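In: Sequence and predicted structure, then a few things I'm wondering about:
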Amino acid sequence: MLTLRLPDGATREAPEGALPREIVASIGSRLLRDAIAVEVDGEVLDLTTPLRKGGAFRVLTEKDAESLSVLRHSGAHILATAVRRLRPDAKIGFGPSIEDGFYYDFEVEEPFTPEDLEKFEAEMRKVIAEKFSFVREEVSQPEAQKRFADDPLKLERLGEFSSDEIISTYTDGPFVDLCRGPHVPDTGYLKHFKLLHTAGAYWRGDERRQMLQRIYATAWFRKEDLEAHLHRLEEAKRRDHRALSQLLDLYSTDARVGPGLILWHPKGAIVRNEIENYERALILRHGYELVYTPHIVSEKLFQISGHLENFKEGMFGAMDVDGAAYRPKPMNCPGHICIYQSRQRSYRDLPIRYAEFGAVYRYERSGVLHGMMRVRGFTQDDAHVFCTLEQVPAEIERLMDLCDEMLRTFGYPYTIELATRPEKALGSPELWKQAEATLADVLTKRGQAYEMDEGGGAFYGPKLDFKLIDAIGRKWQGPTVQLDFNLPERFGLEYTGADNAAHRPIMLHRVLVGSMERFVGGLIEHFAGAFPLWLAPEQVRVIPIADDFREFAASVVRRLKARGARAHLDDRSETLNYRIRDGETMKVPYMAVVGKREAEADSIALRVRGAGKKQEILTVADFTARVEDELATRALVP
RNA sequence: GCCACAGUAGCUCAGGGGUAGAGCACCCGAUUCGUAAUCGGGCGGUCGUGAGUUCAAAUCUCACCUGUGGCUCCA
């Protein structure tokens, strides 16, 4: 007999092999109707999987997060059912649930078209209407081989089962799949879903294997959730930095320059320059020294650093300079190291913190390029701290303060991940343990919550990753801090200790924005192009109602400029409505409208971006003071 | 790099073997306006590039370039 503990503390006895459905039914018929699956001892099972062990027993309904992935996984089977009906030649790959939905991979002679997708979706609705039960069977290897005789991809997977593993299949109507489960009781449970797009995907994620056709879909229990999700997709599209940059004239690329290389237009350059000016002042205050290093360097430097050995295919090719090979730098660290080594260093000099806005060039494969987010040339706000092992905790503290201050300025909430030793790693496991513990200690001492990213560290050391959360809840790579045991060793970095002996310093790599290009791209999407005042390329647009007030408007512009604001006069021969609409479209934070009343009172009628007709009347003096204050504090307004 | 899709005026897009279209933007003129598009006129394209099929190609074929969605990769 198995003992099941219910959440309310009650226990049930059930014979081994009993079906969860029976247990749930014994608790209540209403509950049985709502049940999607059960969780026994931490494992999610469907209602028809025989119980093999007891433990904590919980019924999962639509309200439980785990249920969604069960539904989505079943959705994948329903998709495959529909595809197999319409395209019997399709060989089935894998079809898991993923964040927000599911996909299924098929191997087909003729790739799917968008019209196919519509047909599949219609066919899925039929499968759903037929309410096929998901029937689980546990079968022997030979039986499984027989069932999937026509599916080479499934046979390959079957071949990997060890003899003690249970092989299970799930059947819904005409479709049988090799599958661990769990599933919803029948196909009728899938109600609110949408096929989204097709894509190529390598079989088993291996680029040496054949490419399958993947169909992506989203699925939810409630119609509102589906609609909200589709709305989020729309919202993300609306915020796309590529389209907004076109509208706002921030950057472009040009086939003549080459893909993945960004041309910053004047307005984009203003945003970037504001960030750089801010960050420069910030890091000087936090104890950094600015340096500059060349864009091309002898490739010998990268032989020493190991980049050539490990990332050669990510580096641009060598150019011949007087018989020596030079390369565009993919990293700034070797240059900073050379500065460190330009003279003898004492323990009294440490920590040394070098910072540079360094342009780096990396060869990215053509298919991965994406707007400003993934490019071949970008500027890193890179810094390297050289310190003793004992100084590491204090330096990490300092870095966390720095990151926190910066992210608050931009208005990003964030989470932190501690990434630990990967499989392929340099340095002894003990050293790693110690370094990981040091990072964890600092986090704990600060009361900073963090998640573990096991095995996510760089090969040369563990790291802290800051993940930004943007205005629509998406996560972005933010600042990172990495410990490095490798480069100090490779370059033979030294400092003279108090004991007059040579010691090896520790190196910390850190970036705040990371890639300036990617960060600005992210900001555009975060703010949907409506930058806060201090970042906005055009901060105030002054609009005279008629030509008679042109001179007064010009004086308002002059006075704003004197306070350091980017103000422009819009005295075009267009209607007031036209110019206001244009200002809103271009997402100008403030429009100052002036007519007879304002000219007489030395005031403006202030239209705040997004506030519509609701206007404020204030004197020019008050307005310029307000703007000056908001600029000085980098306020996240309007 | 791989799979699929796309590329027509500065932008957004229609057309789809027989004379290249619209709206916006831009230029000119009129209009001088109280909070999201005033009116009229004009300029603007070897239909991504190159080959091929055809009496005829923006349209069909192929190659290449660029972009988009994924896969793979991301020091």
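Out: Received, thanks. Numbers count the residues shown, from 1 in each chain, chains lettered A, B, ... in the order given.
In: Help me confirm that residue A:393 comes into contact with residue A:441.
Out: Yes - contact criterion Cβ atoms under 8 Å: residue A:393 and residue A:441 qualify, at 6.7 Å. For the C-beta atoms, the positions are set from N, CA and C on the backbone; glycine is no exception.
In: residues touching residue A:62, list them.
Out: Counting by Cβ atoms under 8 Å, 6 or more residues apart in numbering, residue A:62 touches A:34, A:36, A:221, A:222.
In: Select from those residues the one having the most neighbours.
Out: residue A:36 (25 neighbours; other Cβ atoms under 10 Å).
In: surely residue A:155 meets residue A:147?
Out: No - at 10.0 Å, residue A:155 does not count as touching residue A:147 under the criterion of Cβ under 8 Å.
In: which residues do the two both contact?
Out: With Cβ under 8 Å, 6+ apart, residue A:155 and residue A:147 have no common neighbours.
In: Run a quick neighbour tally on whichever residue of the stretch 451-600 of chain A sits closest to RNA strand B.
Out: Per Cβ to the nearest atom of the strand, residue A:595 is where the stretch 451-600 of chain A lies closest to RNA strand B, at 2.5 Å. Residues within reach of residue A:595, counting by other Cβ under 10 Å, total 18.
In: Now it: closest residue in space that isn't a chain neighbour?
Out: Counting by Cβ to Cβ, 6 or more residues apart in numbering, residue A:545 is the residue found nearest to residue A:595 once chain neighbours are left out, at 3.7 Å.
In: ok, the one you found - contacts?
Out: Per Cβ under 8 Å, 6+ apart, neighbours of residue A:545: A:576, A:593, A:594, A:595, A:596.
In: which of residue A:155 and residue A:147 has more neighbours?
Out: Neighbours were counted for residue A:155 and for residue A:147 using other Cβ under 10 Å; residue A:147 has more, 19 against 14.
In: Could you tell me the model confidence score at residue A:536?
Out: Residue A:536 carries a pLDDT score of 98 in this model.
In: Just say helix, strand or coil for the closest residue to RNA strand B within the stretch 301-450 of chain A.
Out: RNA strand B sits closest to residue A:367 of the stretch 301-450 of chain A, with a gap of 2.1 Å, by Cβ to the nearest atom of the strand. Three-state call for residue A:367 (DSSP: H, G, I helix; E, B strand; the rest coil): helix.
In: Tell me how many other residues crowd it.
Out: 7.
In: Next: residue A:4.
Out: 22.
In: Assess the claim that it and residue A:55 are in contact.
Out: Yes - Residue A:4 is within contact range of residue A:55, at 7.1 Å (criterion: Cβ under 8 Å).
In: near RNA strand B, which residues of the stretch 251-400 of chain A show up?
Out: Within the stretch 251-400 of chain A, the residues that sit near RNA strand B (Cβ under 7 Å from any atom of the strand) are A:253, A:255, A:258-260, A:307, A:310-311, A:314-315, A:330-331, A:362-371, A:374.
In: Buried only: go through these for me.
Out: A:253, A:260, A:307, A:315, A:330, A:331, A:362, A:363, A:364, A:371, A:374 (16 or more other Cβ atoms under 10 Å).
In: so what's the backbone phi/psi at the nearest residue to residue A:476 once chain neighbours are set aside?
Out: In space, and not counting its chain neighbours, residue A:476 is closest to residue A:468: 4.3 Å by Cβ to Cβ, 6+ apart. Per-residue torsions, residue A:468: phi -80, psi 150 (degrees, to the nearest 10).
In: do residue A:606 as well
Out: Dihedral angles (degrees, to the nearest 10) for residue A:606: phi -90, psi 120.
In: so it sits right up against residue A:618, yeah?
Out: Yes - Residue A:606 sits in contact with residue A:618 when judged by Cβ under 8 Å, with a separation of 6.2 Å.
In: hang on, the earlier thing: I figured the residue of the stretch 451-600 of chain A closest to RNA strand B was touching residue A:549, is that so?
Out: Yes - between residue A:595 and residue A:549 there is a contact under Cβ under 8 Å: 5.8 Å.
In: tell me, what residue is most central in chain A?
Out: Geometric centre of chain A, nearest residue: residue A:476, 3.5 Å, by Cα atoms, centre = their mean.
In: distance between the strand or helix carrying that one and the chain's centre?
Out: Here residue A:476 sits within strand A:475-484, counting by DSSP states H and E. Relative to its chain's centre, strand A:475-484 lies at 12 Å (Cα atoms, centre = their mean, to the nearest Å).
In: CA atoms of it as CSV?
Out: Output of strand A:475-484 as CSV, limited to C-alpha atoms (Å, rounded to 0.1, in the frame of the first residue of the first chain):
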residue,chain,number,x,y,z
LYS,A,475,14.8,39.9,-19.3
TRP,A,476,18.0,41.3,-20.8
GLN,A,477,21.6,40.7,-20.2
GLY,A,478,22.8,43.5,-17.9
PRO,A,479,26.1,44.1,-16.1
THR,A,480,28.4,41.2,-15.6
VAL,A,481,31.3,40.7,-13.2
GLN,A,482,33.7,37.9,-14.0
LEU,A,483,36.6,36.6,-12.0
ASP,A,484,39.5,35.6,-14.1
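In: Redo the contacts of residue A:62 as a markdown table? Include distance to RNA strand B.
Out: As requested, those are arranged in a markdown table below (distance: Cβ to the nearest atom of the strand, whole Å):
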| residue | distance to RNA strand B |
| --- | --- |
| A:34 | 33 |
| A:36 | 26 |
| A:221 | 23 |
| A:222 | 24 |
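In: among the residues you listed, which are in helices?
Out: Members of the contacts of residue A:62 lying in helices (criterion: DSSP state H): residue A:34.
In: need the strands for the stretch 401-550 of chain A, in chain order.
Out: Secondary structure of the stretch 401-550 of chain A (DSSP state E, counting those that start in this stretch): strands located at A:414-419, A:451-453, A:463-469, A:475-484, A:495-496, A:502-503, A:506-515, A:540-544.
In: Could you export the ones you listed as JSON lines, including mean pLDDT and distance to RNA strand B?
Out: Formatted as JSON lines, those follow (pLDDT from 0 to 100; distance: least, Cβ to the nearest atom of the strand, whole Å):
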{"stretch": "strand A:414-419", "mean pLDDT": "94", "distance to RNA strand B": "10"}
{"stretch": "strand A:451-453", "mean pLDDT": "92", "distance to RNA strand B": "12"}
{"stretch": "strand A:463-469", "mean pLDDT": "94", "distance to RNA strand B": "8"}
{"stretch": "strand A:475-484", "mean pLDDT": "93", "distance to RNA strand B": "7"}
{"stretch": "strand A:495-496", "mean pLDDT": "97", "distance to RNA strand B": "23"}
{"stretch": "strand A:502-503", "mean pLDDT": "96", "distance to RNA strand B": "24"}
{"stretch": "strand A:506-515", "mean pLDDT": "95", "distance to RNA strand B": "7"}
{"stretch": "strand A:540-544", "mean pLDDT": "97", "distance to RNA strand B": "8"}
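In: coming back round to it: local confidence estimate at the residue nearest to residue A:595?
Out: For residue A:545, pLDDT reads 96.
In: what residues does the stretch 1-150 of chain A put near RNA strand B?
Out: A:111, A:113.
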